[in-house]
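1. predicted structure and sequence below. I'll ask about it afterward.
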Amino acid sequence: MVDFDHSKERYSRRKLIPVNPKTLGDHLHLKRIEADLSQHEVAQKTGVSVRTVRKWEYGLACPTEGHWQALKLILRLDELPPHTVS
């Protein structure tokens, strides 16, 4: 059996669906799942790459104001969750 060292991976293999989202990324991920959309579909609708959507969900980047406006429409977001505001 081969043991792989996953410590150098950029992202975990699969992000678990957050039950109680605590970060902006968790919130976006949960809303995307609730909207029954793939990362690819969100990327196409917002005009970014799948990698960018993944970075948003993993908390490695934040959407720009323009992308945030698109996400609000696509994912039916009312506003930024209060517990993610710094």
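-> Cool, got the structure.
2. after the lowest-mean-pLDDT helix or strand in the chain, which helix or strand is next?
-> In the chain, no helix or strand scores lower on mean pLDDT, DSSP states H and E than helix 24-34, which sits at a mean of 91. The element immediately downstream of helix 24-34 (helix or strand, assigned by DSSP states H and E) is helix 39-46.
3. next SSE after that following helix?
-> Going down the chain from helix 39-46, the next helix or strand is helix 50-57, by DSSP H and E.
4. OK, contacts around Thr46?
-> Residues in contact with Thr46 (C-beta atoms under 8 Å, 6 or more residues apart in numbering) are Val53, Pro63, His67, Ala70, Leu71, Ile74. The way it works is simple: take the backbone N, C-alpha and C, and place the C-beta from them, glycine included.
5. give me every residue that touches the residue nearest the centre of the chain.
-> Centroid-nearest residue in the chain, with C-alpha atoms, centre = their mean: Glu57, separated by 2.3 Å. Applying C-beta under 8 Å, 6+ apart to Glu57 gives the contacts Lys15, Gly25, Asp26, Leu28, His29, Arg32, Gln39.
6. how much space between the fourth one and Val19?
-> Same thing as Leu28. Separation of Leu28 from Val19 (C-beta to C-beta, to the nearest Å): 15 Å.
7. more crowded one of these two?
-> Remark: of Leu28 and Val19, Leu28 carries more neighbours, 26 against 7, as counted by other C-beta atoms under 10 Å.
8. pretty sure the more buried one is touching Arg54, no?
-> No - using C-beta atoms under 8 Å, Leu28 is not in contact with Arg54; the gap is 10.5 Å.
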